[in-house]
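>>> This is a predicted model, with the sequence first.
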Amino acid sequence: MTTALDVRGLSAGVDGKQILEGLDLVVPLGQMHALMGPNGSGKSTLCHVLTGKAGYVVSGEALLEGKELLSLEVDERARLGLLQSFQYPTEVPGVALREFLLEAAEERGISEAEARDRIEREAARFDVTRFLDRAINNDLSGGEMKRSEIFQMAVLRPRVALLDEIDSGLDIDAVKQVAQAVEEMRSPDLGVLMITHYNRILRYVTPDRIHVMIGGRIVDSGGAELAEELEAGGYKAIRERLGLVETSSEPARRPADFFTDTPFDV
């Protein structure tokens, strides 16, 4: 099985604070992995470091299909096939979604004819045709913005997709719609790392593997049984099983919290 994303001993800090602590993670092509963890565990920092956000002091390795990422500029990483959907997508006034995708497709080496064909075909599949000639994210709901981002990935066909809290701020109906769009995005040529904001999205998305991140590193990995353990006992159960010490910065949660409609940071 070909490895899409290979992270080895990744450490990162910002403003003198260490966040990632020698993190290791492998996501093969054709698989979707979910990354879960308590507030402050470093999940979003991992996304920022992989995509090249400035300000982090970084060591270790991150490879995309064997090609080193960490020395590359943000645009070089994107051209290589690394794309991220954002927790809070922003509106881009004056730039139509269609025109943006045509420019981005050219940067990815996709011909204009092929790009136009993909845009029309994928827009119909993800029900976003009416957004194509609007400014990006103009007057869209949270769920529509997230679905639009997944549509953009379907057009550009990255090798690795980072879904940073794709379910953040959505009501239950929007979570279902976005989950369906995520499932439709699956491909043998794509590796997906989905950082979950609500555990409830796992009702509608079935990852190939689940990773639990605590204290800046991945402490456990598994399948559906790991999600079941989290539902039953929360991160406290994981800590107790692994002999980890809870820190005061990580809020305690009742087991029932994990599949409610109340948002919380993970």
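That came through fine.

>>> does residue 84 sit in a helix, a strand or a coil?
Secondary structure state of residue 84, per DSSP: H, G, I helix; E, B strand; the rest coil, is strand.

>>> what about the residue nearest to it when sequence neighbours are not counted, distance to residue 27?
Counting by CB to CB, 6 or more residues apart in numbering, residue 84 lies nearest to residue 162, which is 4.2 Å off, once chain neighbours are set aside. Any C-beta I mention is one placed from the backbone N, CA and C, and that applies to glycine too. Residue 162 sits 10 Å away from residue 27, going by CB to CB, to the nearest Å.

>>> coming back round to it: give the bridge partners for the residue nearest to residue 84, please.
Beta-bridge pairing for residue 162 (DSSP bridges): residue 84, residue 193.

>>> State the distance from it to residue 236.
Residue 162 is 28 Å from residue 236, where distance means CB to CB.

>>> Who has more neighbours out of those two?
The residue with more neighbours, out of residue 162 and residue 236, is residue 162; 26 against 17, by other CB atoms under 10 Å.

>>> OK, contacts around the more buried one?
Residues counted as contacts of residue 162 (CB atoms under 8 Å, 6 or more residues apart in numbering) are 47, 50, 51, 82, 83, 84, 85, 193, 195.

>>> Can you show me the helices along the stretch 101-250 of the chain?
Under the criterion DSSP state H, counting those that start in this stretch, the stretch 101-250 of the chain contains helices at 112-125, 142-156, 172-185, 224-242.

>>> From the contact counts, what lies against the one helix or strand residue 10 maps to?
Per DSSP states H and E, residue 10 falls inside strand 3-14. On a contact count with 3 or more CB pairs under 8 Å, 6 or more residues apart in numbering; DSSP states H and E, strand 3-14 meets strand 17-28, helix 43-51, strand 57-64, strand 191-195.

>>> export these to JSON lines and tack on distance to residue 245, mean neighbour count and mean pLDDT?
As requested, the helices and strands packed on strand 3-14 are exported to JSON lines (distance: least, CB to CB, whole Å; neighbours: other CB atoms under 10 Å; pLDDT from 0 to 100):
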{"stretch": "strand 17-28", "distance to residue 245": "14", "mean neighbour count": "17", "mean pLDDT": "96"}
{"stretch": "helix 43-51", "distance to residue 245": "20", "mean neighbour count": "22", "mean pLDDT": "94"}
{"stretch": "strand 57-64", "distance to residue 245": "24", "mean neighbour count": "16", "mean pLDDT": "96"}
{"stretch": "strand 191-195", "distance to residue 245": "24", "mean neighbour count": "26", "mean pLDDT": "95"}
